[in-house]
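Q: can you look at this prediction? I've put the sequence above it.
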Amino acid sequence: MELDSMLGGARIEKISQPEKDELVFALRNNHVNYRLILSASSANPRIHLTAHATTNPLNAPMFCMLLRKRLIGGRILSVRQKELERIVEIDIDARDELGRPVNYTLYLEIMGKHSNIILAGGGIIVDSIKRIDEDMSRVRQVLPQLRYEYPPAQDKLSPLMMDVAAFHDMILSLGAAPLSRGLSENLLGLSRNTARHLGFGICDMESSAQSLSGARTEALAARLSDFYRGLGKENGCYLLSDEDTAEDFFIGSFAPASRGRYKEFGSPNELLDDFYFSRDREARLKENTNALSQSVKSNMERLSKKIVKIQDTLDDVADMEKYRLYGELLTAYQGSVQRGAASARVINYYDESGAAIDIPLDPEKNANINAQNYYKKYQKLKRAKDYASAQLEEARAELTYLEGIQQQLQSLDDEAAAQEIRQELVSGGYIRDSKRRNQKAVAESRPRHYQSDDGYDIYIGRNNKQNEALTMRSAKAEDMWLHTKDIPGSHVIIRADSNKKISQNAINTAAMLAAWYSKARGSSNVPVDFTLKKNIRKPAGAKPGYVIFLTNNTIHVTCSSADIAKIKRMDD
């Protein structure tokens with residue numbers, strides 16, 4: 001096992017728990033520093049060395065504190081896998097408070113939603129990252145002071161004990177089941193995805209064993225035998241991806257000629273670190289932003305309903321000019337209006353044809369009082385209209401603002417940027433400040449950084465805080481500012497070269513990035529405004545990221561993910 005050869009004898013220097021179900025050990029062995037990650041997350045449980053730094057909560061969780069007390073200063077004796085089970089055992093030689101030697105075993109059980117990290121000493125559980133009581137499982141409890149027991153054994157064959165003939169007989173026994181499922185359900189430690197890779201080029205792994213010819217059955221049996229005989233030797237490590245999304249990985253003695261692209265790595269640790277870093281980041285971001293997205297959506301729905309009601313109010317006051325006209329005409333013709341009449345027929349001198357108009361009256365009041373009443377109705381409705389119009393403008397502006405936040409959340413790829421959006425929503429009164437006790441300290445996020453093929457640096461804000469800092473504080477007067485026209489999106493800045501004018505190629509590249517990082521992503525012929533930064537102004541009291549400009553040009557662009565992939569990214 002690669003980890004055993006690298007970490008045998010390593011000293012445990014630090015332990016952190018960046019997530020509720022994840023540990024990171026800082027180790028030193030043979031003058032080399034290592035970072036070992038152990039994760040019991042339901043989505044991405046694993047163990048591997050990592051080159052990526054993690055951010056930690058301000059206050060360490062209890063399990064982390066216990067591990068620090070028991071294990072820091074200790075040495076790893078061995079790292080081993082229990083046969084082909086998804087259980088990794090790390091033996092550790094430590095010292096107690098009196099300096100006496102104590103041996104512990106740290107168990108990582110990689111079992112989907114049942115994954116766990118358990119510390120045991122002398123076979124007795126000290127504690128675990130997930131405590132399992134009788135209410136949660138009647139089969140197996142994981143609690144302090146209980147004896148550690150392995151999870152119930154699976155009724156599967158050990159492929160390490162099988163030869164070609166045994167694999168051949170097993171394949172024939174699968175009957176009508178799809179091959180990938182049948183192999184996974186019968187062989188220890190084999191996933192359906194790995195089974196598909198093993199069978200690629202030999203047969204359709206979603207077909208049944210019954211449909212295989214004798215030659216294909218023999219070829220598949222030989223492939224399985226070669227694969228398991230090669231485990232632990234010089235194996236290739238392959239990351240399979242579709243466009244820019246990592247889909248799966250494969251470690252074996254032959255390269256998988258599978259769909260999509262694959263990238264080869266020098267070691268399993270490098271492969272797993274690359275694969276799980278992006279996948280885990282996406283999962284954590286999704287988890288952290290779901291509540292934010294729902295809050296923004298709820299507020300947008302509230303504003304949409306408010307706008308409809310305001311519009312109804314404006315429709316109701318549409319007759320106010322009629323009341324003003326009635327008041328003017330009654331004032332002009334009050335001498336000819338009979339007292340006690342229910343209506344007055346007068347000439348509308350505003351009508352070019354001089355048509356007559358009937359004005360309803362209160363018979364108990366004279367013409368002057370009726371006129372004053374109509375003036376009062378007009379003034380009341382005018383005030384209502386002015387107020388509703390102002391409210392409508394504010395509601396529409398707020399809706400546009402939240403649409404921008406929604407777009408930022410959809411394209412989010414940075415945890416620090418997510419925290420900044422959360423704080424912005426807290427400051428705006430859209431969500432409460434949870435002030436979680438174990439909330440992690442997150443470094444300030446940075447804008448995305450690209451470069452055009454003619455060397456111009458292009459920066460793109462990830463959220464309103466970055467948009468405002470990028471445009472109003474970082475950009476120089478002769479830098480170019482871009483934004484999708486009347487569409488929520490990010491601020492984009494092209495850094496000017498002091499020796500030459502910003503090229504049209506750089507503007508085209510930045511316009512494509514502005515369209516991509518906007519609500520119009522995937523649309524064609526997207527309008528993008530651009531102007532020099534010196535033309536940008538921020539109105540007093542405006543929401544974060546809101547600016548205005550007096551002069552600009554507009555370019556229309558269409559871009560795809562393939563076009564964006566061709567642009568050099570500098571912050572990867």
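A: Looks like it arrived, so ask away.

Q: before we move on, what SS does the spatially closest residue to residue 209 that is not a sequence neighbour have?
A: Once flanking residues are discounted, residue 209 sits nearest to residue 174: 4.0 Å by Cβ to Cβ, 6 or more residues apart in numbering. The C-beta positions use only the backbone N, C-alpha and C, and glycine is treated the same way. Secondary structure, DSSP: H, G, I helix; E, B strand; the rest coil: residue 174 is coil.

Q: quick check: residue 174 touching residue 187?
A: No - with contact defined as Cβ atoms under 8 Å, residue 174 does not reach residue 187; the gap is 10.9 Å.

Q: so, low pLDDT: which residues of the stretch 351-500 of the chain?
A: For the stretch 351-500 of the chain, applying pLDDT under 70 flags the ranges 434-443.

Q: where do the strands of it begin and end?
A: Counting by DSSP state E, counting those that start in this stretch, the stretch 351-500 of the chain has strands at residues 356-360, 448-451, 457-460, 480-484, 492-494.

Q: regarding this structure, what is its longest helix?
A: Longest helix of the chain, by residue count under DSSP state H: helix 268-316.

Q: C-terminal to that one, what's the next element?
A: Downstream of helix 268-316, the first helix or strand assigned by DSSP states H and E is helix 320-332.

Q: circling back to that earlier point, neighbour-wise, which of residue 174 and residue 187 wins?
A: In this view residue 174 and residue 187 are compared by other Cβ atoms under 10 Å, and residue 187 has more residues nearby, 21 against 18.

Q: what's the burial count for the nearest residue to that one once chain neighbours are set aside?
A: Using Cβ to Cβ, 6+ apart and skipping the chain neighbours, the partner closest in space to residue 187 is residue 159 (5.0 Å). Number of residues near residue 159 (other Cβ under 10 Å) recorded here: 22.

Q: wait, doesn't residue 159 sit right on residue 183?
A: No - checked against Cβ under 8 Å, the pair residue 159 and residue 183 is beyond contact range at 9.3 Å.

Q: contact partners for residue 83?
A: Counting by Cβ atoms under 8 Å, 6 or more residues apart in numbering, residue 83 makes contact with 158, 160, 188-189.

Q: how about it, secondary structure?
A: Applying three-state DSSP: residue 83 is coil.

Q: what separation do you get for it and residue 60?
A: 34 Å (Cβ to Cβ, to the nearest Å).

Q: what does residue 433 give?
A: For residue 433, the distance to residue 60 - Cβ to Cβ - is 22 Å.

Q: ok, those two, which is more surrounded?
A: Neighbour totals were compared for residue 433 and residue 60, and residue 60 leads with 16 against 10 (other Cβ under 10 Å).

Q: that one: what's it in contact with?
A: Applying Cβ under 8 Å, 6+ apart, the residues contacting residue 60 are 16-17, 68.

Q: may I have the phi/psi pair for it?
A: Backbone geometry at residue 60, expressed as degrees, to the nearest 10, gives phi -70, psi 140.

Q: so what pLDDT did it get?
A: pLDDT recorded at residue 60 is 89.

Q: tell me the SS of residue 507?
A: Assignment for residue 507 (three-state DSSP): helix.

Q: that one reaches residue 530, doesn't it?
A: Yes - the criterion here is Cβ under 8 Å, and residue 507 meets it with residue 530 at 6.1 Å.

Q: what's the overlap in contacts for these two?
A: 480, 482, 555.

Q: may I have the beta-bridge partners of the second one?
A: What that stands for is residue 482. residue 492, residue 530 (DSSP bridges).

Q: how about the contacts made by it?
A: 491-494, 507, 510-511, 514, 528-530.

Q: strands of the stretch 51-200 of the chain, start to end?
A: Using DSSP E, counting those that start in this stretch, strands in the stretch 51-200 of the chain cover 75-81, 87-95, 101-109, 116-121, 124-128.

Q: any idea which of the ones you listed gets closest to residue 147?
A: Nearest to residue 147 among the strands of the stretch 51-200 of the chain is strand 124-128; the distance by Cβ to Cβ comes to 6.0 Å.

Q: for that closest one, packing partners?
A: helix 62-71, strand 116-121 (3 or more Cβ pairs under 8 Å, 6 or more residues apart in numbering; DSSP states H and E).

Q: so which of those comes closest to residue 468?
A: Using Cβ to Cβ, the nearest of those to residue 468 is helix 62-71, at 36.9 Å.

Q: next one: the closest one to chain centre, how far?
A: For helix 62-71, the gap between its own C-alpha mean and the chain's C-alpha mean amounts to 31 Å (Cα atoms, centre = their mean, to the nearest Å).

Q: ok, and what's touching it?
A: By Cβ under 8 Å, 6+ apart, helix 62-71 touches 12, 15-17, 23, 60, 92, 94, 102, 104, 106, 119, 126-129.

Q: repeat that for 6 Å
A: Applying Cβ atoms under 6 Å, 6 or more residues apart in numbering, the contact partners of helix 62-71 are 12, 15, 17, 92, 94, 127, 129.

Q: against residue 451, how distant is residue 147?
A: The gap separating residue 147 from residue 451 is 60 Å, by Cβ to Cβ.

Q: same thing with residue 545?
A: Distance, residue 545 to residue 451, by Cβ to Cβ: 24 Å.

Q: the two: which is more packed in?
A: Using other Cβ under 10 Å as the criterion, residue 545 and residue 451 rank with residue 545 on top: 26 against 16.

Q: counting neighbours, what do you get for the nearest residue to the more buried one once chain neighbours are set aside?
A: In space, and not counting its chain neighbours, residue 545 is closest to residue 464: 3.4 Å by Cβ to Cβ, 6+ apart. Using other Cβ under 10 Å, residue 464 is surrounded by 22 other residues.

Q: what is the burial count for residue 417?
A: Neighbours of residue 417 (other Cβ under 10 Å): 26.

Q: isn't it right up against residue 463?
A: Yes - counting by Cβ atoms under 6 Å, residue 463 is a contact partner of residue 417 at 5.1 Å.

Q: quick one: contacts for residue 551?
A: Residue 551 neighbours (Cβ under 6 Å, 6+ apart): residue 535.

Q: just residue 340 next, same as before
A: residue 363.

Q: residue 365 versus that one, what's the distance?
A: Counting by Cβ to Cβ, the gap from residue 340 to residue 365 is 10 Å.

Q: could you measure from residue 199 over to residue 346?
A: When residue 199 is compared with residue 346 (using Cβ to Cβ), they lie 93 Å apart.

Q: cool, and residue 219?
A: 102 Å.

Q: out of these two, which sits in the busier spot?
A: Neighbours were counted for residue 219 and for residue 346 using other Cβ under 10 Å; residue 346 has more, 19 against 16.

Q: got the angle for the helix or strand containing the more buried one vs strand 356-360?
A: Assessed by DSSP H and E, residue 346 sits inside strand 343-347. Relative orientation of strand 343-347 versus strand 356-360 (axes from the mean of the first three to the mean of the last three Cα atoms, to 10 degrees): 150 degrees.
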